[in-house]
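1. okay, here's the prediction I keep looking at, along with the sequence it came from:
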Amino acid sequence: MTVSTLTVVPEAHASGTAPYAEPIPTLLAQLARSPYADDTALERAARPDYPHWLAHVRPAAGCARPIRLHGTIDRIEVDTGRLLSTVSTADMPDGVIYKPCGNRRAAVCPSCSETYRRDVFHVMRAGLAGGDGIPDSVAHHPGVFATFTAPSFGEVHTRYVRRHTCRVRRYCDCRPEPCYARRNANRCRHGRLIACFARHGGADRRLGSPLCPDCYDYPGQAVWNIQSGELWRRTTITISRHLRRTARSLGIDPDRVKLEYGKGAEMQRRAAVHFHAVIRLDGADPADPDAILPLPPPAGLNVGDLADAIRHAATTVAFVTDPHPTRPGGWAIGWGDIDKGIDVQPISVHADGPITADDVAGYIAKYATKSTEDTGHVSARLTPQTIDIYADPDGTHTQRLVDACWRLGGPRWPLHGPTCARVCRHRSCAEIASPPAWHPTLCGPVCARTCRHRSCAEIRVATTTPAKPWQRLRLWAHQLGFGGHPFTKSRRYSVTLTVKRQQRVTWRRRTLHTGPEAESSKPPEQQDTVLVVNFLQFVGSGWHTTGDALLANTSAAMAREHQRVAREQLTELAA
């Protein structure tokens, strides 16, 4: 049961509701495989209730796999508790309510991800220029756009353009520099030449892959990805402490200084996470530290002080992880080279600045809808039944990284005596050939080496389970070890995504259900006097037929085109 002051039909966000996380094919590809798509679409369009069905599915028309809910909706008067009406989904078209899946990933649902991207854009922009309840005075607060990257775990193929001559960077066709040209290149201990003289194109699959996969530190990168959230937390604490020391040296009360931020996580092609952050300097009231609205910072602190604090934190923050059975000393976690990996630039609200608020908000919002697509790996959460599809210790770059996450996050088989030359990479005893085939022989298609173990009993006895922090590596192996959210912010940086969703739902209720004239004619204190209680349960996801998907998505595309034309006409009239 869910309780809400709004109906469930409008587009309320439900992140993680849809069980489908694999990248879906396009609608045209689905129709090509379905010879009955035209028949089902014509059958639906020929029904007398087709206009009613089209209006019913409108909130989820553009969704790739909408959520289907079944149950009843009660409207209760808040003041008296009187039941005003009860609506059952059995009386609606198809007997269910269609709700957008709310998935943020563009590779899974382009429509819902576009809605999420726009919400993130407005949240980020409100923290820089004001709006949505944030005062416009925040535009005068010192703010910077900082980029934090991961350290190097090995040499990888890169594409570097010394001077761009293209107009649109997204479709860059400029001639790049040689990838990793070395006049006196050496060979690694595996016999590979650590050099590459190719000029990689933008779509080259080798980009991001290591020059020598056997030399690459896959365990170190997997651990860094899972610990990047903790590294960011320590970084913000260090920035705040450095600003307080700076304020104290200038004779300013350090309790009047506060740091707010909003950041986005981007997965590089080498499958390492780096952060793009908007960091804003605010003031604080010592008498009211929980004030919601941002206050102007104390006079004397400027953008330069904020940039110095960020650079100081980027160079000094580091820690060592807890011990692991394969690495008793732990891994050292820190940011990349400050000269190459840390970039701090001031933000301007005006259009004539080098980096504007709209540019930064759009940049972070773009990456909020992406995941691991640029690395070439996209999968749902991995299980022991599906791990062998995506993990291979001798496979591609992402397959090796997924294998490292799975091995470090699960039970480990230590050395079983002098006859075993390395740690066993088997994931379960069931994958090892059954006795009596326990003398040197291959143990099945998942094992590329000769097994030297004596019996399954040896493995069961010697198995150890890592501590809880390392179990998260298996949980987030499908994200290549990164377990954080692609978009996060401090509590008082700006409005929340929930506020934006409620604004959208309220607008839909007023314009699509009760009518704008009827709703706007009521006094403000009487517009929210009805409580809507939903008794709804999940019954499935996706459209019933391919024809329904065709009609719904076509209707949504026509609505988007109508909105685009209307925006262009309004822009021309304003000009």
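-> Structure's in. What do you need?

2. where does Ala139 fall, phi/psi-wise?
-> Per-residue torsions, Ala139: phi -70, psi -20 (degrees, to the nearest 10).

3. can you tell me the closest non-neighbouring residue to Leu551?
-> Excluding the flanking residues, the one nearest Leu551 by CB to CB, 6 or more residues apart in numbering is Ala41, at 5.6 Å. For every residue, glycine as well, the C-beta is placed using N, CA and C.

4. number of residues surrounding that neighbour?
-> For Ala41, the count of nearby residues is 19 (other CB atoms under 10 Å).

5. same deal with Arg510?
-> Using other CB under 10 Å, Arg510 is surrounded by 16 other residues.

6. quick check, it in a strand?
-> No - checked against DSSP: H, G, I helix; E, B strand; the rest coil, Arg510 lies outside a strand; its state is helix.

7. measure it to Arg504 for me?
-> Applying CB to CB, to the nearest Å, the value for Arg510 to Arg504 is 11 Å.

8. same question for Phe197.
-> For Phe197, the distance to Arg504 equals 52 Å [CB to CB].

9. before we move on, what about Gln399?
-> Using CB to CB, we find Gln399 at a distance of 40 Å from Arg504.

10. then Gly300?
-> From Gly300 to Arg504 the distance is 41 Å (CB to CB).

11. among these two, which residue is more densely surrounded?
-> Comparing Gly300 with Arg504 by other CB under 10 Å, the one with more neighbours is Arg504, at 17 against 11.

12. can you list the domain ranges for the protein.
-> Annotated domains of the chain cover 2-114+494-574, 115-154+198-376+483-489, 387-479 [automatic domain parsing].

13. avg pLDDT for the last one?
-> Averaging pLDDT along domain 387-479 yields 59.

14. repeat that for stretch 187-203.
-> If you average the pLDDT over stretch 187-203, you get 85.

15. in the chain, which helix or strand is least confident?
-> Least confident element among the helices and strands of the chain, by mean pLDDT, DSSP states H and E: strand 441-442 (a mean of 32).

16. skipping adjacent residues, who's closest to Gly213 in space?
-> You called it Gly, but residue 213 is Pro. Spatially, and ignoring its direct neighbours in sequence, Pro213 is nearest to Arg400 (6.2 Å; CB to CB, 6+ apart).

17. so how far is the host helix or strand of the one you found off the chain centroid?
-> Here Arg400, judged by DSSP states H and E, is contained in helix 397-409. Centroid separation for helix 397-409 versus its chain: 20 Å, with CA atoms, centre = their mean, to the nearest Å.

18. what pLDDT does the residue most central in space within the chain get?
-> Note on the chain: the residue nearest the mean C-alpha position is Pro486, at 3.3 Å, using CA atoms, centre = their mean. Predicted confidence (pLDDT) for Pro486: 88.

19. for Val278, same thing?
-> Per-residue confidence (pLDDT) for Val278: 92.

20. CA atoms of the host helix or strand of it as PDB?
-> Assigned by DSSP H and E, Val278 belongs to strand 273-283. What follows is strand 273-283 as a C-alpha-only set of coordinates in PDB (Å, rounded to 0.1, in the frame of the first residue of the first chain):
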ATOM      1  CA  VAL A 273      35.400   6.300 -12.500                       C
ATOM      2  CA  HIS A 274      36.100  10.000 -12.300                       C
ATOM      3  CA  PHE A 275      34.000  12.800 -10.800                       C
ATOM      4  CA  HIS A 276      32.800  16.100 -12.100                       C
ATOM      5  CA  ALA A 277      31.800  18.300  -9.200                       C
ATOM      6  CA  VAL A 278      30.300  21.800  -8.800                       C
ATOM      7  CA  ILE A 279      31.600  23.100  -5.400                       C
ATOM      8  CA  ARG A 280      30.000  26.200  -4.000                       C
ATOM      9  CA  LEU A 281      31.100  28.300  -1.000                       C
ATOM     10  CA  ASP A 282      28.300  29.400   1.300                       C
ATOM     11  CA  GLY A 283      27.900  31.200   4.500                       C
END
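
21. report the distance from the following helix or strand past that strand to the chain centre.
-> Of the helices and strands lying after strand 273-283 in sequence (DSSP H and E), the nearest is helix 303-316. Centroid displacement of helix 303-316 relative to its chain, using CA atoms, centre = their mean, is 26 Å.

22. list of residues touching helix 303-316?
-> Contacts to helix 303-316, defined as CB atoms under 8 Å, 6 or more residues apart in numbering, come from residues 142-144, 146, 148, 235-236, 238-239, 242-243, 246, 279, 281, 335, 338, 342, 344, 346.

23. okay, and which of those residues map to strands?
-> When DSSP state E defines the strands, the subset of the contacts of helix 303-316 inside them is Gly143, Val144, Ala146, Phe148, Ile279, Leu281, Val344, Pro346.

24. if the second one is in a bridge, with which residues?
-> Yep, that's Val144 we're talking about. Beta-bridge partners for Val144, by DSSP bridges, are Ile279, Pro346.

25. show the pLDDT at it.
-> So Val144 comes in at 90 (pLDDT).

26. please apply the same query to the last one.
-> We have a pLDDT of 84 for Pro346.

27. got a list of what it touches?
-> With contact set as CB under 8 Å, 6+ apart, Pro346 has these partners: Pro142, Gly143, Val144, Phe145, Val303, Ala307, Ile355.

28. and the residues you listed as TSV, adding neighbour count?
-> Shown next, in TSV, are the contacts of Pro346 (neighbours: other CB atoms under 10 Å):
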residue	neighbour count
Pro142	18
Gly143	25
Val144	23
Phe145	21
Val303	16
Ala307	17
Ile355	15
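
29. show me where the stretch 1-150 of the chain has strands.
-> For the stretch 1-150 of the chain, the strands defined by DSSP state E, counting those that start in this stretch occupy 2-4, 67-77, 83-88, 97-99, 143-148.
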